[in-house]
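*Asks:* Fold the following, please.
(one chain, ligands or ions: 3)
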Amino acid sequence: MTVCSAPGKVYLFGEHAVVYGEPAVPCAIERRATVAVEPRDDDRIRVEARDLSLNGFTVEYAGSTGERPDVDVPTPLVEAAVGYVDEAVAQARDALDAPEKGFDITVESDIPLGAGLGSSAAVVVAGIDAATRACGEPLDDRELADRAYRAEHEVQEGQASRADTFCSAMGGAVRVEGDDCDPIDTPSLPLVVGFDGGAGDTGELVAGVRELREEYGFAADTVRTIGDLVREGEALLADADPDEPASADLLAELGGLMDFNHGLLEALGVSSRSLDAMVWAARTAEAHGAKLTGAGGGGCIVALDPTEETETALKFTPGCEDAFRAELAEEGVRVEAP
Ligand SMILES: Nc1ncnc2c1ncn2[C@@H]1O[C@H](COP(=O)(O)OP(=O)(O)OP(=O)(O)O)[C@@H](O)[C@H]1O
Ligand SMILES: C[C@@](O)(CCO)CC(=O)[O-]
Ligand SMILES: [Mg+2]
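*Replies:* Numbers count the residues shown, from 1 in each chain. Ligands and ions are numbered 1, 2, ... in the order given. Below is the predicted model of the structure:
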């Protein structure tokens with residue numbers, strides 16, 4: 001049994017626009033998905049993923065007749081639920097040049113699903129790493145990140161950036177622009193996350209932005225403006241001393257850009273009432289800035305606040321289910337058990 005884990009992430013800036021070639025800066029956080037893989041002697045794939053549940057389907061069965069229950073789960077829902085693990089297996093089989101290789105796979109994760117903290121990327125990165133290592137053929141970090149990207153690209157129907165998967169594979173803060181992916185040094189940042197308990201479907205949200213962008217020039221301009229804003233943010237980070245905590249001035253400037261970024265994401269239709277409520281709760285608590293993180297639609301916000309105020313305010317905000325300080329994960333994917 002080979003076990004690997006990989007971190008989730010928050011976006012300081014740039015989600016969605018990064019899909020269209022603008023830069024983005026995600027940071028890995030200390031919440032991990034852990035995938036255990038045992039190669040099988042046959043071609044079967046057995047997946048145990050206890051965090052994955054499907055709500056709202058019906059089951060029909062005829063009581064005492066012994067008939068098997070007919071579980072009415074819409075196919076797209078099942079495909080969305082298992083798609084990322086399926087594509088991770090496809091990438092591992094391809095890397096191993098073993099198209100029929102079978103695996104027993106167990107997924108455990110402390111990253112909420114579909115909440116903008118990159119659960120899909122973490123599962124795919126840890127899954128491909130564990131499967132290839134279990135067969136004695138580990139990939140280097142860049143190839144792993146590339147294959148994980150291809151898996152996300154497949155599930156999100158050709159609309160994915162390299163940002164989530166590169167960040168999860170490498171850890172730390174990274175900048176991604178098209179195919180260019182690089183780790184960057186940042187001063188330590190006081191990140192606070194608020195979670196509304198909900199989820200958004202990344203594929204659907206990305207498709208919504210794509211349609212808007214194709215229909216309206218001003219939506220395409222909004223995407224480009226996010227890119228301009230990210231370039232400002234990157235310049236601020238590049239000028240700061242990575243060995244010191246971020247200064248109050250730097251936090252104020254970064255926070256201002258995060259607030260602006262949230263407004264632009266809101267305009268692109270990917271925020272929600274509860275995400276907005278959490279962003280405003282953070283601002284009222286005098287966070288330096290706050291924005292939704294990841295695909296949106298529901299899930300998480302990220303705020304900058306060195307004090308306890310934002311975390312406390314979020315805990316009392318209706319619609320916020322959980323709030324916590326997010327430590328930067330210096331380490332990306334790692335082997336938990338060879
Ligand atoms: N613990 C898990 N077990 C199995 N599959 C998981 C697990 N966590 C995530 N996944 C897969 O990832 C999907 C959620 O990915 P999605 O991209 O929609 O959200 P996210 O990655 O959490 O957020 P974002 O992409 O906005 O950062 C789930 O539907 C499931 O397919
Ligand atoms: C919305 C998006 O930009 C980030 C999702 O965490 C999609 C992607 O980059 O693939
Ligand atoms: Mg995802």
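*Asks:* What residue in the stretch 101-250 of the chain comes nearest to ligand 3?
*Replies:* Closest approach between the stretch 101-250 of the chain and ligand 3, counting by C-beta to the ion: Ser120, at 3.3 Å. Any C-beta I mention is one placed from the backbone N, CA and C, and that applies to glycine too.
*Asks:* That residue and ligand 2, how far apart?
*Replies:* Relative to ligand 2, Ser120 is positioned 8 Å away (C-beta to the nearest ligand atom, to the nearest Å).
*Asks:* which residue packs closest to that residue, ignoring adjacent ones?
*Replies:* Tyr84 (4.7 Å; C-beta to C-beta, 6 or more residues apart in numbering).
*Asks:* Double-check that the one you found belongs to a helix.
*Replies:* Yes: assessed by DSSP: H, G, I helix; E, B strand; the rest coil, Tyr84 belongs to a helix.
*Asks:* buried set for the helix or strand harbouring Val223?
*Replies:* Assessed by DSSP states H and E, Val223 sits inside helix 217-239. Within helix 217-239, the residues that count as buried by 16 or more other C-beta atoms under 10 Å are Ala219, Thr222, Val223, Thr225, Ile226, Gly227, Leu229, Val230, Gly233, Glu234, Leu236, Leu237.
*Asks:* if we can go back for a sec, looks like the residue nearest to Ser120 contacts Arg150 (just checking).
*Replies:* No: judged on C-beta atoms under 8 Å, Tyr84 makes no contact with Arg150 at a distance of 11.9 Å.
*Asks:* These two - which one has more neighbours?
*Replies:* Neighbour count, other C-beta atoms under 10 Å: between Tyr84 and Arg150, Tyr84 has more, with 27 against 18.
*Asks:* mind listing what that one touches?
*Replies:* Ser120, Val123, Val124, Ala151, Glu152, Val155 (C-beta atoms under 8 Å, 6 or more residues apart in numbering).
*Asks:* rerun that using 7 Å as the cut-off
*Replies:* The contact partners of Tyr84, taken as C-beta atoms under 7 Å, 6 or more residues apart in numbering, are Ser120, Val123, Val124, Ala151, Val155.
*Asks:* Then Glu152?
*Replies:* Ser120, Ala121, Val124, Ala160, Asp164, Thr165.
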